[in-house]
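Colleague: structure, please.
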Amino acid sequence: MNDHVGLTDTFAARRYFAKFETITGHLETVADMMKDQQRLSKRDRKVVLDYVQRLGRTFRALANKYLLTGRDTGTFFGSLSIDSTESGFPVFHEILNMAADAQQAERHLRNMPSIEALKDDMVRTIVGDLEIPTKLQFAMSQRKYYEALRANEMFWNRNDPELLWAGTVDNRRSFLVHWAVYDSESNLPVIYLMDVEDTGATALPKDTRRWPQAQAKLMSQSVAGLKLVTIAKGFDLDFDDLHPKRLRRLYVGPMYSSAFTLQNGPIRQVLEDAHSPQGEDWALAWTVETLESERVVEEKSGWFGKVEREVFALDPFGAQGVDSGATRTQRSLILPQKPYQVLDDLKIPGFANVQKFVVAPSGRVISYN
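Modeller: Residues are numbered from 1 along each chain as shown. You can find the predicted model right below:
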């Protein structure tokens, strides 16, 4: 596709991964600040932080996979494909390939020399043959790639639902259900958090019928194009004794960079006008959609039974309103200080209600509304 480009230059690929290493590090700070601002609970922050750390490990694994991009390694290996016009992230196919590689990681590692053996061979090549051990460096990078995959701590294309106990509400069991996907349409990591009350006879984690069904239902509906209200209502109708009280969706990205992306719009102008030094020419969007239950109604079920159904609150006056299918949408932008100064000077319409997390040269992150 025309909007997907391959990073075929060694130094460009390394700069790209270094940029994301920096960004994911700042995301951990942003999650902490959102907790302090009471936008995330302590439990929510822990869940979000886990996904952010998984994302960081995913980028580090891909950095090893493509470490020798553009070098003569004796093996044609291609290059990292990124979505240069929309998300700024690697394309979905890269994450899908990584999941497939993980299934074969143990077999690959059995057939590879150990890290110690590769280091010894490198020393002999450098000292004895006076050559750069490019092929050995490639072998080392691939070993580290597969070792990372074997640890199974990545942000995969699908990260299936997990449960956290959240106490009792009106004598009902309450859980936080969380899951995440790497969306195939937007090429973005998307995190879901759902607060659920359980009135079933068996607690949801121990229910061998409902829990697998609930997991399958949530994963099948985890598409960025679906409104939150559609996902929540579908879940509510499918499970009479599971009551979704709040559903949130967090989009990590897009990432804008004057060096790597071609997105149109005001952020592109901001980054171009900022003339930031290498490593500081970026901005990352962080969006949280929230859908909350407003009240409960009872509906007939069978001849004599009744079931509870949630009525969700929608914001008809928000920037997205009913079109978003959410109660509210909170938008944030994480960016270095120099691009922020340009953004603030330009007074671009539409950014007044976007929270800015600004990274100072010292690495400190400051929040501006």
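
Colleague: what residues does stretch 204-223 touch?
Modeller: Residues from elsewhere that reach stretch 204-223, judged by CB atoms under 8 Å, 6 or more residues apart in numbering: 158, 160-161, 163, 173, 175, 177, 179, 181, 183, 185, 190, 192, 194, 196, 198, 200, 202, 230-231, 234-235, 238-239, 241-242. C-beta: built from backbone N, CA, C; applies to glycine.

Colleague: go through the single longest helix found in the chain and flag the buried ones.
Modeller: Determined from DSSP state H, the single longest helix within the chain is helix 10-36. Neighbour counts over helix 10-36 (16 or more other CB atoms under 10 Å) mark 12-17, 19-20, 22-24, 26-27, 30-31, 33-35 as buried.

Colleague: so for that helix, mean pLDDT?
Modeller: In this model, helix 10-36 has a mean pLDDT of 89.

Colleague: show me how far that helix is from its chain's centre.
Modeller: Between the centre of helix 10-36 and the centre of its host chain there is 12 Å, according to CA atoms, centre = their mean, to the nearest Å.

Colleague: check which element follows it along the chain.
Modeller: Sequence-wise, the next helix or strand downstream of helix 10-36 (DSSP states H and E) is helix 42-65.

Colleague: other SSEs contacting that following helix?
Modeller: Contact analysis of helix 42-65 by 3 or more CB pairs under 8 Å, 6 or more residues apart in numbering; DSSP states H and E lists helix 10-36, helix 92-103, helix 134-150, strand 158-169, strand 172-183, strand 188-198, strand 242-257 as its packing neighbours.

Colleague: now distance to Leu335 too, for those, in TSV please.
Modeller: Listed next are the helices and strands packed on helix 42-65 as TSV, based on distance: least, CB to CB, whole Å:
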stretch	distance to Leu335
helix 10-36	10
helix 92-103	25
helix 134-150	29
strand 158-169	27
strand 172-183	23
strand 188-198	17
strand 242-257	8
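
Colleague: what's opposite Arg309 in the beta bridge?
Modeller: Val297 (DSSP bridges).

Colleague: hmm, it is touching Arg295, no?
Modeller: No - at 9.9 Å, Arg309 does not count as touching Arg295 under the criterion of CB atoms under 8 Å.

Colleague: neighbour count winner among the two?
Modeller: Per other CB atoms under 10 Å, whichever of Arg309 and Arg295 has more neighbours is Arg309, with 16 against 9.

Colleague: next one, pLDDT for the more buried one please.
Modeller: Looking at Arg309, the pLDDT reads 92.

Colleague: state the distance from it to Met154.
Modeller: 38 Å (CB to CB, to the nearest Å).

Colleague: what's the answer for Val311, then?
Modeller: Note on Val311: its distance to Met154, by CB to CB, is 38 Å.

Colleague: quick one: which of these two has more around it?
Modeller: Shown here are Val311 and Met154; by other CB under 10 Å, Met154 has more neighbours (22 against 12).

Colleague: report the secondary structure state of that one.
Modeller: State at Met154, reduced to three classes by DSSP: H, G, I helix; E, B strand; the rest coil: coil.

Colleague: surely His178 meets Leu193?
Modeller: Yes - at 5.1 Å, His178 counts as touching Leu193 under the criterion of CB under 8 Å.

Colleague: anything in contact with each of these two?
Modeller: With CB under 8 Å, 6+ apart, His178 and Leu193 have common neighbours Val47.

Colleague: stretch 200-212: end-to-end distance?
Modeller: In stretch 200-212, first residue to last residue: 14 Å (CA to CA, to the nearest Å).

Colleague: list the buried ones in it?
Modeller: Within stretch 200-212, the residues that count as buried by 16+ other CB under 10 Å are Gly200, Leu204, Asp207, Arg210, Trp211.

Colleague: can you check stretch 284-303 too?
Modeller: The neighbour-count check on stretch 284-303 (16+ other CB under 10 Å) flags Leu284, Ala285, Trp286, Thr287, Val288, Glu289, Thr290, Leu291, Glu292, Ser293 as buried.

Colleague: strands along the stretch 201-350 of the chain, start to end?
Modeller: Using DSSP state E, counting those that start in this stretch, the strands of the stretch 201-350 of the chain run over 242-257, 282-301, 305-313, 328-336.

Colleague: where are the low-confidence patches of the stretch 251-369 of the chain?
Modeller: The stretch 251-369 of the chain contains residues with pLDDT under 70 at 302-304, 316-323.

Colleague: go again using 80 as the cut-off
Modeller: Low-confidence regions of the stretch 251-369 of the chain, defined by pLDDT under 80, span residues 258-259, 263-265, 279, 299-305, 315-324, 369.

Colleague: do I have it right that Thr69 meets Phe11?
Modeller: No - with contact defined as CB under 8 Å, Thr69 does not reach Phe11; the gap is 9.3 Å.

Colleague: for Ala326, phi and psi?
Modeller: phi -130, psi 160 (degrees, to the nearest 10).

Colleague: separation between the nearest residue to it once chain neighbours are set aside and Met34?
Modeller: Excluding its sequence neighbours, the residue lying closest to Ala326 (CB to CB, 6 or more residues apart in numbering) is Glu289, at 4.4 Å. For Glu289, the distance to Met34 equals 15 Å [CB to CB].

Colleague: my guess is Ser84 contacts Thr261. True?
Modeller: Yes - Ser84 is within contact range of Thr261, at 5.2 Å (criterion: CB under 8 Å).

Colleague: which one's more surrounded, these two?
Modeller: Using other CB under 10 Å, the more surrounded residue of Ser84 and Thr261 is Thr261, with 23 against 19.
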